[in-house]
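*Asks:* heads up, no residue letters with this:
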């Protein structure tokens, strides 16, 4: 939720009310995107008469948006480095088709098909990374070409027809659930237990981070506010878990997502590679003159994006139980929107994994809520476009008010 | 009716915190070539920007009288309408347009329907090119001709606007010898046609050759105007540098140890035009605890030398040898240079030194993240601690190290850059213009830091265009001209005059 890298200075005692209050206000300001998600959820809960928050719908929200969120994770890193990737939808289609052919025509076991698909995803990413990093062609052009190339390859692979009916294990990636309750049970206690463990793990991690910072004399959230935040996390995750438990259990897609968010959150913030991405996006020349191997970072970023696009393609194909040549159409735009709504800067250097996930969820809730309300696809498109525009405009306005950021 | 075409009276121009010009007076006689001399930062360019309307009327104090009429320019178009044209050091030509298109850019030759008349455009361009002695087809694209010819196109463009007063800012800085000679002849030729010129130049022999009078500017003030018969290099140099050197630099007693860095026959060529030698056979040594200065005028190859040495960050066809403590090392990539204990703090900290949207902490750790890694992860608490230590020891003025560097003042930004490099634990620090754009108080602090580093045994190279600064802080100074080392002297023997002689020493022809 809150970005671990930026905390406003505050009194360490946290007793004085005014400073606590101003801290909370500034903290909320920094997490405006999270508040926006809550606002969207509340709005559509009302307009859909609560259908949005029904257990089945909540579960659907995750499963339906899983592949966009997977793409958004890779996309935000690409955008932070100052690039863009327009080809992820086509890559997802190509890889979905490829995995389908592996299973149906080549008779691969499901697990080998998945591994094979991810490897091809990496190769595709390396191909684009090569042109971008080592030949120096702008990512916009390379991935625009990739958009056409891999859409074409998807069509060629499928011979312009659909492939369907995959093994159950493969399909689980897209619409499987982990649950130990019988079909008639009202609630799955296993899901509740996992949710409980997740809450405990989150709180322990937050407390440890906070104590570590305190030990080094850094400013931390006032105690009251910290406790309030943890209580909020507990309630939020708890309610979410309860919803899942009373439907079918934990979606496999959610597990994949949770693992990715955890890993990439650490990569972005705590590894040298991640730091170099931000350094390159912030000032490529300065990064180069600080010894950052900018080309190599660019290259691996696109390899990574290729793998994540492949994974998104697998999840999508598994969910539909169908590999079609038109799959993944427009995914790239949703992933890019998610990153920008989530606060990534167009010029690069700024953006977080958590922001992109929240941005993706906002788009998901908009889609879902408007569909429930019976709003046509044409209006959905227009509304999403407006939201993207306003989100970025708000960001630009905020930065200008804060003094132009870089203070030229 | 005076015979002065231009009089600038008591011009004062203030930027936030700095008085760039203070009561400057400039009188230019009709039909003369008037040179303006001064060190980098003396205020020459600011004065010309005031004159040409880049800084509009109202943002400065004082009067400009042009052709016996007080003028108040709001922008460059105003001054151009009066016949004042300025040609900047960085040429303002569009590379993919033709010579003719560039000459008539925003001043197009139109036919009866308001459409561009290409035949007449090219015909008129041809005439103008003939006047500046450039034998090129007007439809040639700008990027297909050399810098020298581009300069001539700029002048042709000025002529198309019926120029009365032509201002040239360091016109020969980027030119080779024959192009320079041609350009100077052209200026004299135009003088014969009644066009007055102001030429800003560092090159004293050039000035002697063509200027009818010379105005010397120092620290934003007019020092004197010298008539042609009285012009001598010594007099100009004296005017340019004469100032109080005391108390602006902290005391420093050098403890010079063994040789740390030796560079032999270092040569680098221009990155695009690999036939142009930018750094020419440079030999240089630095010892532990020694502060070595590199003095050179703009375009002498100072930054080019430093950057080509630091991970081949500049240039092409780089050759030469680098030794650290007697052992040859390679510095082919920045990372390799850093690993070998070399650090380079750039002259342009906003473009090349800092990530302005990132905080102080992450800027300081940027070049040495590996030191903070345990079990594959960056320890950000440790990073905070390190940054905080530097914030205190370097006296970086900010509430916390979580402040973005874009919000800091120039002096504090420079301290962040220095912290970054000191944290990388180098043996050799190359500091390129370490006090550029910094106020006097912060300068003193930077000098103190440099002294402290030297006393810790680091070998330090300071590149500066301010001679007093080099004389104030260095132990030994090399002079660089046209990419070559033209001499070196211990600071005890060095005088501004002697250094400037070396810095303006041109290749034997």
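*Replies:* Received it, and whenever you're ready, just let me know what you need. Small disclaimer: the values here were computed from a predicted structure and weren't measured.
*Asks:* number of nearby residues for residue A:116?
*Replies:* 18 (other CB atoms under 10 Å in any protein chain shown). Backbone N, C-alpha and C define where each C-beta goes, glycine included.
*Asks:* can you tell if the helix or strand where residue A:199 lies touches chain B?
*Replies:* Per DSSP states H and E: residue A:199 is located in helix A:189-215. Yes - Helix A:189-215 reaches chain B (CB under 8 Å from any CB of the partner chain) through A:212-213, A:215.
*Asks:* Up against chain B, what does the stretch 201-350 of chain A have?
*Replies:* So the stretch 201-350 of chain A meets chain B at A:212-213, A:215-219, A:266, A:269-272, A:275-276, A:278-279, A:282-283, A:285-293, A:345, A:349-350 (CB under 8 Å from any CB).
*Asks:* from these, which would you call buried?
*Replies:* With burial judged by 16 or more other CB atoms under 10 Å in any protein chain shown, the buried subset of these is A:212-213, A:218-219, A:269-272, A:275-276, A:278-279, A:282-283, A:285-293, A:345, A:349-350.
*Asks:* Now flag whichever of the residues of helix A:189-215 next to chain B is closest to chain B.
*Replies:* Minimum distance to chain B across the residues of helix A:189-215 next to chain B is 5.1 Å, recorded for residue A:212 (CB to the nearest CB).
*Asks:* Can you name the residue of the stretch 101-250 of chain A nearest to chain B?
*Replies:* Taking CB to the nearest CB, the stretch 101-250 of chain A has residue A:216 as its residue nearest chain B, at 4.4 Å.
*Asks:* Next, find the distance separating the spatially closest residue to that residue that is not a sequence neighbour from residue B:213.
*Replies:* Nearest residue to residue A:216, sequence neighbours excluded (CB to CB, 6 or more residues apart in numbering or on different chains): residue B:381, at 4.4 Å. Taking CB to CB, to the nearest Å as the criterion, residue B:381 is separated from residue B:213 by 65 Å.
*Asks:* Ok, residue B:50 next?
*Replies:* For residue B:50, the distance to residue B:213 - CB to CB - is 20 Å.
*Asks:* How about residue A:66?
*Replies:* Distance from residue A:66 to residue B:213, by CB to CB: 78 Å.
*Asks:* Residue B:89 too?
*Replies:* Taking CB to CB, one finds residue B:89 at 22 Å from residue B:213.
*Asks:* what about the most centrally placed residue in chain B, which SS state?
*Replies:* Residue closest to the average C-alpha location in chain B (CA atoms, centre = their mean): residue B:298, at 4.6 Å. For residue B:298, the assignment made with DSSP: H, G, I helix; E, B strand; the rest coil gives coil.
*Asks:* which ones are touching it?
*Replies:* B:40, B:170, B:173, B:202, B:465 (CB atoms under 8 Å, 6 or more residues apart in numbering or on different chains).
*Asks:* related to what we said a few turns ago, my guess is the residue of the stretch 101-250 of chain A closest to chain B meets residue B:384, correct?
*Replies:* Yes - counting by CB atoms under 8 Å, residue A:216 sits close enough to residue B:384 to count as a contact (5.6 Å).
*Asks:* For burial, what's the neighbour tally of the closest residue to residue A:310 other than its chain neighbours?
*Replies:* Spatial nearest neighbour of residue A:310, chain neighbours left out: residue A:121 (2.5 Å); criterion: CB to CB, 6+ apart. A count of nearby residues for residue A:121, using other CB under 10 Å, gives 28.
*Asks:* ok, residue A:121 - contacts?
*Replies:* Per CB under 8 Å, 6+ apart, neighbours of residue A:121: A:91, A:95, A:306-311, A:313.
*Asks:* Identify the residues contacting residue A:97.
*Replies:* A:154, A:157-158, A:163, A:317, A:323-325, A:327.
*Asks:* residues making contact with the helix or strand harbouring residue B:282?
*Replies:* Using DSSP H and E, residue B:282 falls within strand B:277-287. Applying CB under 8 Å, 6+ apart, the contact partners of strand B:277-287 are B:256-270, B:292, B:294, B:301, B:304-305, B:308, B:314-315, B:320, B:428, B:459-461, B:478, B:480, B:482-485.
*Asks:* May I see the buried residues of the host helix or strand of residue B:261?
*Replies:* Assigned by DSSP H and E, residue B:261 falls within strand B:259-269. Going by neighbour count (16+ other CB under 10 Å), the buried part of strand B:259-269 is B:259-263, B:266-269.
*Asks:* which other helices and strands contact the helix or strand bottoming out on mean pLDDT in chain B?
*Replies:* Within chain B, no helix or strand scores below helix B:233-241, which has a mean of 77 by mean pLDDT, DSSP states H and E. If you count contacts as 3 or more CB pairs under 8 Å, 6 or more residues apart in numbering or on different chains; DSSP states H and E, helix B:233-241 packs onto strand B:33-37, helix B:204-210, strand B:213-218, strand B:221-227, helix B:496-503.
*Asks:* which other residues reach that helix?
*Replies:* With CB under 8 Å, 6+ apart, helix B:233-241 has contacts from B:37-39, B:42, B:204-205, B:207-208, B:214, B:216, B:218, B:223-224, B:226, B:467-468, B:496-497, B:500-501, B:504.
*Asks:* how far off strand B:213-218 does that helix point, in degrees?
*Replies:* Between helix B:233-241 and strand B:213-218, the angle comes out at 30 degrees (axes from the mean of the first three to the mean of the last three CA atoms, to 10 degrees).
*Asks:* mind listing what's buried in helix B:233-241?
*Replies:* B:236-241.
*Asks:* one step back: restricted to buried residues, select the contacts of residue B:298 in ChimeraX.
*Replies:* Buried members of the contacts of residue B:298, defined by 16+ other CB under 10 Å, are picked up in ChimeraX with:
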select /B:170,173,202,465
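*Asks:* Pick the one among the contacts of residue B:298 closest to chain A.
*Replies:* residue B:465 (20.4 Å).
*Asks:* What ranges does the stretch 301-450 of chain B have for its helices?
*Replies:* Under the criterion DSSP state H, counting those that start in this stretch, the stretch 301-450 of chain B contains helices at B:302-309, B:334-339, B:360-365, B:380-393, B:410-423, B:440-455.
*Asks:* and these, which is most packed in?
*Replies:* Compared across these, helix B:360-365 shows the largest average neighbour count, a mean of 27 (mean count of other CB atoms under 10 Å in any protein chain shown).
*Asks:* For whatever residue of the stretch 401-509 of chain B ends up closest to chain A, which non-adjacent residue is spatially closest?
*Replies:* Closest approach of the stretch 401-509 of chain B to chain A (CB to the nearest CB) occurs at residue B:406, with a separation of 4.0 Å. Using CB to CB, 6+ apart and skipping the chain neighbours, the partner closest in space to residue B:406 is residue B:356 (3.5 Å).
*Asks:* my guess is that neighbour contacts residue B:408, does it?
*Replies:* No - judged on CB under 8 Å, residue B:356 makes no contact with residue B:408 at a distance of 9.1 Å.
*Asks:* which residues in the stretch 101-250 of chain A form strands?
*Replies:* Secondary structure of the stretch 101-250 of chain A by DSSP state E, counting those that start in this stretch: the strands cover A:163-164, A:177-178, A:250-251.
*Asks:* Output these in JSON lines; the columns should cover mean neighbour count.
*Replies:* Listed next are the strands of the stretch 101-250 of chain A as JSON lines, based on neighbours: other CB atoms under 10 Å in any protein chain shown:
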{"stretch": "strand A:163-164", "mean neighbour count": "18"}
{"stretch": "strand A:177-178", "mean neighbour count": "18"}
{"stretch": "strand A:250-251", "mean neighbour count": "24"}
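*Asks:* Would you convert these into JSON lines that also reports mean pLDDT?
*Replies:* Formatted as JSON lines, these follow (pLDDT from 0 to 100):
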{"stretch": "strand A:163-164", "mean pLDDT": "84"}
{"stretch": "strand A:177-178", "mean pLDDT": "88"}
{"stretch": "strand A:250-251", "mean pLDDT": "92"}
